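Undergrad: Give me the fold of what follows.
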Amino acid sequence: MFRRGSLKGGDDLASNVTRISRAIKPASSDSISQIVYYHYGVGSQGGIVDRVYGGATGQGLSEAVREGYSYLATNWEIGDEIFLFGFSRGAFTARAIAGLIDNIGMLTKDGLPYLAEIFRDVQHRHDPDYKPKHPNKPFKNKPSVMDPRYSHELERRGMTRLRVPIKVIGVWDTVGTPRIGWLEKVGIQSSASKRMSFYDTRLCDCVEYAFQALALDERRSAFQPALWEKKPGNETVLRQVWFPGVHSNVGGGLEDQELANITLAWMMSQVTPFLDMDLDYVLDQQDYTERYYKESKQKPRSWSFGKIIDSMTGIYALGGATTRTPGRYYVVDPTDGRKTDIPLQSTHEYMHPSVRSRFRLKGPGVNDEGLYEPKALRDWKLYVEYDGEKGRGGRPDIFWKLRTSDRNVTARTIPEAPLWPLERELLEIDPEIEDFVLRPAPTARNSVRRMHNASRSQSRRR
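TA: The predicted structure is shown next:
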(Lines give C-alpha, C1' and ligand atoms only; values in the text may rest on other atoms or scores of the structure.)
Protein backbone atom coordinates (compact mmCIF):
# COMPACT_ATOMS: atom_id res chain seq x y z
CA MET A 1 0.00 0.00 0.00
CA PHE A 2 1.46 3.32 -1.01
CA ARG A 3 -0.15 6.60 -0.03
CA ARG A 4 -0.01 9.64 -2.27
CA GLY A 5 1.81 12.86 -1.50
CA SER A 6 -0.42 15.68 -0.32
CA LEU A 7 -0.31 19.40 0.35
CA LYS A 8 -2.94 19.26 3.05
CA GLY A 9 -4.99 16.87 5.09
CA GLY A 10 -4.42 14.78 8.15
CA ASP A 11 -5.10 11.36 9.57
CA ASP A 12 -8.82 12.14 9.64
CA LEU A 13 -8.81 12.81 5.88
CA ALA A 14 -7.84 9.37 4.67
CA SER A 15 -6.91 8.53 1.11
CA ASN A 16 -8.48 5.53 -0.59
CA VAL A 17 -5.24 3.61 -0.09
CA THR A 18 -5.58 4.09 3.66
CA ARG A 19 -9.24 3.15 3.55
CA ILE A 20 -8.88 0.01 1.45
CA SER A 21 -6.08 -1.15 3.75
CA ARG A 22 -8.51 -0.84 6.67
CA ALA A 23 -11.17 -2.79 4.78
CA ILE A 24 -8.92 -5.82 4.23
CA LYS A 25 -9.61 -8.49 6.84
CA PRO A 26 -6.62 -9.91 8.79
CA ALA A 27 -7.36 -13.37 7.44
CA SER A 28 -9.45 -14.92 4.69
CA SER A 29 -12.45 -17.16 5.27
CA ASP A 30 -10.16 -20.18 4.96
CA SER A 31 -7.75 -18.75 7.58
CA ILE A 32 -5.05 -17.54 5.18
CA SER A 33 -3.28 -14.47 6.59
CA GLN A 34 -3.79 -11.21 4.68
CA ILE A 35 -0.82 -9.05 5.67
CA VAL A 36 -0.88 -5.30 4.94
CA TYR A 37 2.32 -3.26 4.55
CA TYR A 38 1.65 0.50 4.37
CA HIS A 39 4.18 3.08 3.18
CA TYR A 40 3.77 6.86 3.10
CA GLY A 41 4.29 8.16 -0.43
CA VAL A 42 6.76 10.59 -1.95
CA GLY A 43 5.90 14.21 -1.15
CA SER A 44 3.65 13.40 1.81
CA GLN A 45 5.80 14.55 4.73
CA GLY A 46 7.57 17.71 5.92
CA GLY A 47 6.61 21.35 5.39
CA ILE A 48 4.90 22.68 2.30
CA VAL A 49 8.19 23.50 0.53
CA ASP A 50 9.59 20.04 1.27
CA ARG A 51 6.40 18.37 0.10
CA VAL A 52 6.21 20.33 -3.15
CA TYR A 53 9.90 19.83 -3.90
CA GLY A 54 9.80 16.15 -3.00
CA GLY A 55 6.70 15.52 -5.06
CA ALA A 56 7.94 17.52 -8.03
CA THR A 57 11.42 16.02 -8.20
CA GLY A 58 10.64 12.48 -7.09
CA GLN A 59 13.01 12.91 -4.16
CA GLY A 60 12.69 9.87 -1.95
CA LEU A 61 11.16 7.70 -4.67
CA SER A 62 14.19 5.39 -4.89
CA GLU A 63 14.00 4.78 -1.15
CA ALA A 64 10.27 4.10 -1.32
CA VAL A 65 10.68 1.60 -4.16
CA ARG A 66 13.60 -0.17 -2.47
CA GLU A 67 11.89 -0.31 0.92
CA GLY A 68 8.66 -1.69 -0.51
CA TYR A 69 10.50 -4.22 -2.65
CA SER A 70 12.78 -5.23 0.23
CA TYR A 71 9.77 -5.89 2.46
CA LEU A 72 8.23 -8.15 -0.17
CA ALA A 73 11.46 -9.98 -0.92
CA THR A 74 12.10 -10.59 2.78
CA ASN A 75 8.63 -11.94 3.51
CA TRP A 76 7.39 -13.47 0.26
CA GLU A 77 7.20 -17.24 -0.05
CA ILE A 78 6.20 -19.35 -3.02
CA GLY A 79 2.40 -19.55 -3.05
CA ASP A 80 1.88 -16.09 -1.54
CA GLU A 81 -0.22 -13.64 -3.58
CA ILE A 82 0.95 -10.04 -4.03
CA PHE A 83 -1.44 -7.07 -4.17
CA LEU A 84 -0.08 -3.56 -4.77
CA PHE A 85 -2.20 -0.43 -4.22
CA GLY A 86 -1.32 3.23 -4.58
CA PHE A 87 -2.58 6.74 -5.25
CA SER A 88 -0.85 9.49 -7.24
CA ARG A 89 2.93 9.15 -6.87
CA GLY A 90 2.21 6.24 -4.53
CA ALA A 91 0.59 4.57 -7.54
CA PHE A 92 3.77 5.28 -9.50
CA THR A 93 5.76 3.66 -6.67
CA ALA A 94 3.57 0.55 -6.68
CA ARG A 95 3.94 0.21 -10.43
CA ALA A 96 7.72 0.71 -10.19
CA ILE A 97 7.95 -2.11 -7.64
CA ALA A 98 6.04 -4.36 -10.04
CA GLY A 99 8.51 -3.42 -12.77
CA LEU A 100 11.43 -4.27 -10.49
CA ILE A 101 9.93 -7.68 -9.75
CA ASP A 102 9.43 -8.23 -13.48
CA ASN A 103 13.06 -7.31 -14.24
CA ILE A 104 14.93 -9.17 -11.51
CA GLY A 105 12.39 -11.43 -9.81
CA MET A 106 12.19 -11.64 -6.02
CA LEU A 107 15.64 -11.57 -4.44
CA THR A 108 16.48 -14.23 -1.86
CA LYS A 109 18.34 -13.63 1.39
CA ASP A 110 21.53 -14.26 -0.57
CA GLY A 111 20.59 -11.64 -3.14
CA LEU A 112 19.17 -8.90 -0.91
CA PRO A 113 22.60 -7.66 0.30
CA TYR A 114 23.24 -6.63 -3.32
CA LEU A 115 19.91 -4.82 -3.77
CA ALA A 116 21.46 -1.33 -3.92
CA GLU A 117 23.81 -2.28 -6.76
CA ILE A 118 21.18 -4.33 -8.60
CA PHE A 119 18.76 -1.41 -8.27
CA ARG A 120 21.31 0.94 -9.87
CA ASP A 121 21.78 -1.54 -12.71
CA VAL A 122 18.02 -1.60 -13.27
CA GLN A 123 17.80 2.19 -13.20
CA HIS A 124 20.45 2.51 -15.92
CA ARG A 125 19.26 -0.31 -18.13
CA HIS A 126 18.54 2.11 -21.02
CA ASP A 127 21.87 3.98 -20.70
CA PRO A 128 24.51 2.61 -23.13
CA ASP A 129 27.24 4.65 -21.39
CA TYR A 130 26.47 3.35 -17.90
CA LYS A 131 29.51 2.18 -15.93
CA PRO A 132 28.61 0.28 -12.74
CA LYS A 133 30.08 1.60 -9.51
CA HIS A 134 30.83 -2.02 -8.55
CA PRO A 135 31.29 -3.95 -11.81
CA ASN A 136 31.79 -7.27 -9.99
CA LYS A 137 28.63 -7.05 -7.91
CA PRO A 138 26.42 -9.05 -7.75
CA PHE A 139 28.68 -11.11 -10.05
CA LYS A 140 31.59 -10.63 -12.46
CA ASN A 141 31.18 -9.66 -16.11
CA LYS A 142 27.54 -8.77 -15.64
CA PRO A 143 25.61 -7.70 -18.76
CA SER A 144 22.91 -5.02 -18.94
CA VAL A 145 19.71 -5.77 -17.05
CA MET A 146 18.05 -5.66 -20.47
CA ASP A 147 19.96 -8.85 -21.30
CA PRO A 148 18.12 -11.97 -20.00
CA ARG A 149 21.50 -13.36 -18.90
CA TYR A 150 21.51 -10.89 -15.99
CA SER A 151 18.42 -12.28 -14.26
CA HIS A 152 19.22 -15.85 -15.27
CA GLU A 153 22.64 -15.61 -13.61
CA LEU A 154 21.02 -14.25 -10.45
CA GLU A 155 18.71 -17.25 -10.47
CA ARG A 156 21.54 -19.70 -11.16
CA ARG A 157 23.42 -18.39 -8.14
CA GLY A 158 20.35 -18.73 -5.91
CA MET A 159 20.07 -14.95 -5.53
CA THR A 160 16.56 -14.52 -6.94
CA ARG A 161 13.32 -16.28 -7.83
CA LEU A 162 12.08 -15.48 -11.31
CA ARG A 163 8.59 -15.53 -12.83
CA VAL A 164 6.96 -14.23 -9.64
CA PRO A 165 3.28 -13.43 -10.32
CA ILE A 166 1.61 -10.27 -9.04
CA LYS A 167 -2.07 -10.91 -8.46
CA VAL A 168 -3.35 -7.33 -8.55
CA ILE A 169 -2.16 -3.78 -9.01
CA GLY A 170 -4.92 -1.35 -8.02
CA VAL A 171 -4.17 2.36 -8.41
CA TRP A 172 -5.92 5.69 -8.29
CA ASP A 173 -4.76 8.30 -10.82
CA THR A 174 -1.10 7.46 -11.34
CA VAL A 175 1.20 10.44 -11.79
CA GLY A 176 4.99 10.50 -11.91
CA THR A 177 6.89 13.76 -11.51
CA PRO A 178 4.55 16.75 -11.78
CA ARG A 179 5.88 19.36 -14.23
CA ILE A 180 6.05 22.80 -12.59
CA GLY A 181 7.03 25.77 -14.74
CA TRP A 182 9.45 27.55 -12.44
CA LEU A 183 11.24 24.30 -11.54
CA GLU A 184 11.74 23.58 -15.24
CA LYS A 185 13.23 27.03 -15.77
CA VAL A 186 15.93 26.46 -13.16
CA GLY A 187 16.73 22.99 -14.50
CA ILE A 188 15.45 20.98 -11.54
CA GLN A 189 12.40 19.62 -13.32
CA SER A 190 14.23 18.31 -16.41
CA SER A 191 16.71 16.30 -14.35
CA ALA A 192 13.87 14.96 -12.22
CA SER A 193 11.99 13.82 -15.31
CA LYS A 194 15.05 11.93 -16.48
CA ARG A 195 15.38 10.22 -13.10
CA MET A 196 11.74 9.20 -13.18
CA SER A 197 12.21 7.59 -16.61
CA PHE A 198 14.50 5.04 -14.95
CA TYR A 199 11.49 3.33 -13.37
CA ASP A 200 9.62 0.61 -15.21
CA THR A 201 5.89 1.30 -14.75
CA ARG A 202 4.59 -0.44 -17.86
CA LEU A 203 2.03 -3.23 -17.64
CA CYS A 204 4.21 -6.26 -16.94
CA ASP A 205 3.35 -9.76 -18.13
CA CYS A 206 3.69 -10.93 -14.52
CA VAL A 207 0.62 -8.90 -13.46
CA GLU A 208 -2.62 -10.90 -13.54
CA TYR A 209 -5.07 -8.02 -12.90
CA ALA A 210 -4.54 -4.26 -13.25
CA PHE A 211 -7.14 -1.67 -12.22
CA GLN A 212 -6.89 2.12 -12.40
CA ALA A 213 -9.38 4.83 -11.43
CA LEU A 214 -8.78 8.06 -13.39
CA ALA A 215 -9.84 11.65 -12.63
CA LEU A 216 -11.74 13.12 -15.58
CA ASP A 217 -11.69 16.73 -14.37
CA GLU A 218 -8.11 17.23 -13.17
CA ARG A 219 -6.64 20.19 -15.09
CA ARG A 220 -3.20 20.73 -13.57
CA SER A 221 -0.53 20.07 -16.17
CA ALA A 222 1.61 18.95 -13.26
CA PHE A 223 -0.68 15.94 -12.76
CA GLN A 224 -0.89 14.24 -16.13
CA PRO A 225 -2.08 10.62 -15.74
CA ALA A 226 0.00 7.59 -16.66
CA LEU A 227 -2.24 5.08 -18.42
CA TRP A 228 -1.32 1.47 -19.04
CA GLU A 229 -1.46 -0.21 -22.42
CA LYS A 230 -1.57 -3.92 -23.21
CA LYS A 231 1.11 -5.15 -25.57
CA PRO A 232 0.34 -8.03 -27.97
CA GLY A 233 0.48 -11.33 -26.11
CA ASN A 234 -0.06 -9.75 -22.68
CA GLU A 235 -2.80 -11.64 -20.82
CA THR A 236 -3.34 -9.19 -17.96
CA VAL A 237 -6.97 -8.35 -17.21
CA LEU A 238 -6.91 -4.55 -17.53
CA ARG A 239 -9.62 -2.05 -16.55
CA GLN A 240 -9.04 1.72 -16.50
CA VAL A 241 -12.14 3.72 -15.60
CA TRP A 242 -12.76 7.47 -15.76
CA PHE A 243 -14.66 9.06 -12.84
CA PRO A 244 -15.95 12.60 -12.26
CA GLY A 245 -13.71 14.80 -10.16
CA VAL A 246 -10.14 15.97 -9.83
CA HIS A 247 -7.12 14.09 -8.52
CA SER A 248 -8.06 14.10 -4.82
CA ASN A 249 -11.77 13.56 -5.50
CA VAL A 250 -10.84 10.23 -7.07
CA GLY A 251 -8.03 9.23 -4.73
CA GLY A 252 -9.62 10.50 -1.53
CA GLY A 253 -8.37 12.65 1.30
CA LEU A 254 -10.82 15.57 1.12
CA GLU A 255 -13.52 16.53 3.61
CA ASP A 256 -16.24 15.62 1.10
CA GLN A 257 -15.51 11.97 0.28
CA GLU A 258 -18.69 11.30 -1.72
CA LEU A 259 -16.90 10.87 -5.06
CA ALA A 260 -14.01 9.02 -3.41
CA ASN A 261 -16.53 6.60 -1.88
CA ILE A 262 -17.65 5.71 -5.41
CA THR A 263 -14.10 5.00 -6.57
CA LEU A 264 -13.40 3.05 -3.37
CA ALA A 265 -16.48 0.89 -3.95
CA TRP A 266 -15.34 0.29 -7.53
CA MET A 267 -11.83 -0.77 -6.50
CA MET A 268 -13.10 -2.99 -3.69
CA SER A 269 -15.45 -4.61 -6.20
CA GLN A 270 -12.51 -5.44 -8.46
CA VAL A 271 -10.48 -7.16 -5.74
CA THR A 272 -13.15 -8.91 -3.66
CA PRO A 273 -12.87 -12.07 -5.80
CA PHE A 274 -9.28 -12.38 -4.53
CA LEU A 275 -9.24 -10.72 -1.08
CA ASP A 276 -11.57 -11.11 1.88
CA MET A 277 -12.81 -7.63 2.72
CA ASP A 278 -15.27 -5.96 5.06
CA LEU A 279 -17.86 -5.00 2.45
CA ASP A 280 -19.80 -2.90 4.97
CA TYR A 281 -16.78 -0.62 5.25
CA VAL A 282 -17.60 1.49 2.21
CA LEU A 283 -21.21 1.93 3.40
CA ASP A 284 -19.89 3.05 6.77
CA GLN A 285 -17.71 5.56 4.92
CA GLN A 286 -20.81 6.89 3.18
CA ASP A 287 -22.41 7.32 6.61
CA TYR A 288 -19.40 9.42 7.67
CA THR A 289 -19.78 11.53 4.53
CA GLU A 290 -23.47 12.16 5.26
CA ARG A 291 -22.57 13.04 8.83
CA TYR A 292 -20.06 15.57 7.44
CA TYR A 293 -22.82 17.19 5.37
CA LYS A 294 -25.04 17.43 8.44
CA GLU A 295 -22.34 18.82 10.73
CA SER A 296 -21.25 21.37 8.12
CA LYS A 297 -24.90 22.36 7.58
CA GLN A 298 -24.99 21.22 3.96
CA LYS A 299 -27.85 19.50 2.18
CA PRO A 300 -27.30 15.80 1.48
CA ARG A 301 -25.78 15.28 -1.94
CA SER A 302 -27.04 12.82 -4.50
CA TRP A 303 -24.92 9.91 -5.73
CA SER A 304 -22.16 11.28 -7.98
CA PHE A 305 -22.90 14.89 -6.91
CA GLY A 306 -20.05 15.25 -4.38
CA LYS A 307 -18.16 18.54 -4.45
CA ILE A 308 -15.48 18.78 -7.15
CA ILE A 309 -12.81 21.09 -5.80
CA ASP A 310 -10.83 23.58 -7.88
CA SER A 311 -7.36 22.02 -7.95
CA MET A 312 -5.89 24.90 -9.99
CA THR A 313 -4.71 26.71 -6.87
CA GLY A 314 -1.45 27.09 -4.99
CA ILE A 315 2.02 26.36 -6.24
CA TYR A 316 1.06 23.54 -8.63
CA ALA A 317 -1.09 25.95 -10.64
CA LEU A 318 2.16 27.56 -11.82
CA GLY A 319 2.59 24.58 -14.12
CA GLY A 320 -0.42 25.62 -16.19
CA ALA A 321 -3.64 23.86 -17.16
CA THR A 322 -4.17 20.86 -19.44
CA THR A 323 -7.52 19.24 -20.14
CA ARG A 324 -7.43 15.47 -19.83
CA THR A 325 -8.04 13.46 -22.99
CA PRO A 326 -9.72 10.06 -22.58
CA GLY A 327 -8.88 7.75 -25.45
CA ARG A 328 -6.05 10.01 -26.60
CA TYR A 329 -2.85 9.29 -24.70
CA TYR A 330 0.53 8.59 -26.17
CA VAL A 331 3.59 6.41 -25.67
CA VAL A 332 6.28 7.89 -23.41
CA ASP A 333 9.92 7.51 -24.45
CA PRO A 334 11.54 5.35 -21.70
CA THR A 335 14.91 7.07 -22.18
CA ASP A 336 13.81 10.60 -21.28
CA GLY A 337 10.20 10.41 -20.07
CA ARG A 338 8.91 12.56 -22.93
CA LYS A 339 5.66 11.98 -24.80
CA THR A 340 5.87 10.73 -28.38
CA ASP A 341 3.26 11.04 -31.15
CA ILE A 342 2.52 7.29 -31.01
CA PRO A 343 -0.92 6.63 -29.48
CA LEU A 344 -1.24 4.03 -26.75
CA GLN A 345 -2.93 0.83 -27.86
CA SER A 346 -5.37 -1.42 -25.99
CA THR A 347 -5.78 0.83 -22.94
CA HIS A 348 -9.14 -0.76 -22.03
CA GLU A 349 -10.69 2.54 -20.94
CA TYR A 350 -14.24 2.83 -19.60
CA MET A 351 -16.46 5.69 -18.47
CA HIS A 352 -18.08 5.16 -15.07
CA PRO A 353 -21.90 5.58 -14.82
CA SER A 354 -21.31 8.40 -12.30
CA VAL A 355 -19.99 10.53 -15.18
CA ARG A 356 -23.24 10.08 -17.11
CA SER A 357 -25.32 10.66 -13.99
CA ARG A 358 -23.65 13.91 -13.02
CA PHE A 359 -23.61 15.17 -16.62
CA ARG A 360 -27.14 14.25 -17.76
CA LEU A 361 -28.81 15.17 -14.46
CA LYS A 362 -27.22 18.62 -14.39
CA GLY A 363 -24.99 18.05 -11.41
CA PRO A 364 -22.91 20.89 -9.97
CA GLY A 365 -19.74 22.11 -11.65
CA VAL A 366 -16.36 22.81 -10.08
CA ASN A 367 -16.71 24.37 -6.62
CA ASP A 368 -20.48 23.92 -7.03
CA GLU A 369 -20.54 26.71 -9.62
CA GLY A 370 -22.69 26.24 -12.71
CA LEU A 371 -23.44 22.84 -14.24
CA TYR A 372 -21.19 19.84 -14.68
CA GLU A 373 -19.90 20.07 -18.25
CA PRO A 374 -16.50 18.35 -18.30
CA LYS A 375 -14.07 19.84 -20.80
CA ALA A 376 -12.52 16.40 -21.16
CA LEU A 377 -15.72 15.24 -22.90
CA ARG A 378 -16.33 18.21 -25.20
CA ASP A 379 -15.37 16.08 -28.24
CA TRP A 380 -17.42 13.09 -27.05
CA LYS A 381 -21.10 12.29 -27.44
CA LEU A 382 -23.11 10.00 -25.17
CA TYR A 383 -25.19 7.21 -26.71
CA VAL A 384 -27.80 5.05 -24.96
CA GLU A 385 -29.21 2.37 -27.25
CA TYR A 386 -31.60 -0.52 -26.68
CA ASP A 387 -31.73 -3.67 -28.75
CA GLY A 388 -34.73 -4.15 -31.07
CA GLU A 389 -38.19 -4.26 -29.53
CA LYS A 390 -37.04 -4.72 -25.95
CA GLY A 391 -37.21 -1.02 -25.24
CA ARG A 392 -36.21 0.09 -21.76
CA GLY A 393 -37.02 -3.35 -20.40
CA GLY A 394 -33.77 -4.73 -21.80
CA ARG A 395 -30.17 -3.93 -20.98
CA PRO A 396 -28.96 -0.79 -22.76
CA ASP A 397 -25.73 -0.39 -24.67
CA ILE A 398 -24.17 2.78 -23.26
CA PHE A 399 -21.04 4.32 -24.73
CA TRP A 400 -19.27 7.59 -25.54
CA LYS A 401 -18.18 8.27 -29.11
CA LEU A 402 -15.37 10.61 -30.15
CA ARG A 403 -16.38 13.29 -32.64
CA THR A 404 -13.14 14.25 -34.39
CA SER A 405 -11.42 13.58 -37.68
CA ASP A 406 -8.11 12.95 -35.93
CA ARG A 407 -7.08 9.37 -36.66
CA ASN A 408 -4.08 9.37 -34.32
CA VAL A 409 -6.06 8.27 -31.26
CA THR A 410 -6.20 5.24 -28.99
CA ALA A 411 -9.98 4.79 -28.92
CA ARG A 412 -12.88 6.37 -30.77
CA THR A 413 -15.48 4.68 -28.57
CA ILE A 414 -15.37 4.30 -24.78
CA PRO A 415 -17.99 1.96 -23.25
CA GLU A 416 -19.64 2.62 -19.93
CA ALA A 417 -18.30 0.46 -17.11
CA PRO A 418 -20.71 -2.00 -15.49
CA LEU A 419 -21.79 -1.50 -11.89
CA TRP A 420 -20.69 -4.29 -9.56
CA PRO A 421 -22.86 -5.49 -6.62
CA LEU A 422 -21.04 -3.42 -3.99
CA GLU A 423 -21.32 -0.32 -6.17
CA ARG A 424 -25.04 -0.94 -6.56
CA GLU A 425 -25.46 -1.07 -2.78
CA LEU A 426 -23.98 2.41 -2.59
CA LEU A 427 -26.23 3.56 -5.43
CA GLU A 428 -29.35 2.07 -3.77
CA ILE A 429 -29.08 4.71 -1.05
CA ASP A 430 -30.35 7.15 -3.70
CA PRO A 431 -33.37 5.47 -5.43
CA GLU A 432 -34.08 8.32 -7.84
CA ILE A 433 -30.53 8.37 -9.19
CA GLU A 434 -30.55 4.56 -9.19
CA ASP A 435 -33.56 4.53 -11.51
CA PHE A 436 -31.88 6.94 -13.92
CA VAL A 437 -28.58 5.06 -13.93
CA LEU A 438 -30.04 1.58 -14.38
CA ARG A 439 -32.95 2.48 -16.68
CA PRO A 440 -31.85 5.44 -18.81
CA ALA A 441 -33.90 6.80 -21.68
CA PRO A 442 -32.43 6.07 -25.11
CA THR A 443 -30.60 9.06 -26.56
CA ALA A 444 -32.29 8.59 -29.94
CA ARG A 445 -35.69 9.25 -28.35
CA ASN A 446 -34.76 11.79 -25.73
CA SER A 447 -31.56 13.75 -26.21
CA VAL A 448 -32.49 16.43 -23.65
CA ARG A 449 -30.76 16.21 -20.28
CA ARG A 450 -33.20 15.51 -17.48
CA MET A 451 -33.59 17.75 -14.49
CA HIS A 452 -33.14 16.12 -11.12
CA ASN A 453 -34.71 16.77 -7.77
CA ALA A 454 -31.87 16.91 -5.26
CA SER A 455 -33.95 15.40 -2.47
CA ARG A 456 -33.30 11.74 -1.86
CA SER A 457 -33.98 8.88 0.47
CA GLN A 458 -31.54 8.21 3.27
CA SER A 459 -32.53 4.57 3.60
CA ARG A 460 -29.94 1.84 3.53
CA ARG A 461 -30.33 -1.68 2.25
CA ARG A 462 -27.43 -3.22 4.12
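Undergrad: Okay, helices next: where are they in the stretch 251-400 of the chain?
TA: 258-271, 280-295, 353-360 (DSSP state H, counting those that start in this stretch).
Undergrad: Let me know which of those helices is the nearest to residue 422.
TA: Across these, residue 422 has its closest neighbour in helix 258-271 (4.7 Å, CB to CB). C-beta here means a position set from N, CA and C on the backbone, and glycine is covered the same way.
Undergrad: Any figure for the gap between the one residue sitting closest to the centre of the chain and residue 86?
TA: For the chain, residue 172 is the residue whose C-alpha lies nearest the centre (CA atoms, centre = their mean; 2.4 Å). Residue 172 is 7 Å from residue 86, where distance means CB to CB, to the nearest Å.
Undergrad: circling back to that earlier point, enumerate every residue touching the residue nearest to the centre of the chain.
TA: Counting by CB atoms under 8 Å, 6 or more residues apart in numbering, residue 172 makes contact with 4, 15-17, 86-88, 91, 212-213, 250-252, 263, 267.
Undergrad: Kindly recompute the last result at 10 Å.
TA: With contact taken as CB atoms under 10 Å, 6 or more residues apart in numbering, residue 172 is in contact with 4, 15-17, 20, 85-88, 90-91, 211-215, 243, 247-248, 250-252, 260, 263-264, 266-267.
Undergrad: and it, how far is that from residue 255?
TA: Residue 172 is 18 Å from residue 255, by CB to CB.
Undergrad: ok, now residue 303?
TA: Where residue 255 is concerned, residue 303 sits at a distance of 18 Å (CB to CB).
Undergrad: Now stretch 160-168: average pLDDT?
TA: Mean pLDDT, computed over stretch 160-168, is 98.
Undergrad: Pull up the distance across it, start to finish.
TA: Length of stretch 160-168, first residue to last, CA to CA, to the nearest Å: 21 Å.
Undergrad: what do you get for stretch 129-143?
TA: End to end - CA to CA - stretch 129-143 spans 13 Å.
Undergrad: Pull the distance from it to the chain's centre.
TA: Centroid displacement of stretch 129-143 relative to its chain, using CA atoms, centre = their mean, to the nearest Å, is 35 Å.
Undergrad: May I see the buried residues of that stretch?
TA: Neighbour counts over stretch 129-143 (16 or more other CB atoms under 10 Å) mark 137, 138, 142 as buried.
Undergrad: With pLDDT and secondary structure as added columns, please give these in CSV.
TA: CSV is the format used below for those (pLDDT from 0 to 100; DSSP: H, G, I helix; E, B strand; the rest coil):
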residue, pLDDT, secondary structure
137, 95, coil
138, 97, coil
142, 96, coil
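Undergrad: just for the chain, where's the confidence low?
TA: Where the chain drops to pLDDT under 70, the residues are 1-12, 41-59, 176-200, 336-337, 388-393, 444-462.
Undergrad: Just give me the longest strand of it.
TA: Scanning the chain for the longest strand, with DSSP state E as the assignment, gives strand 207-215.
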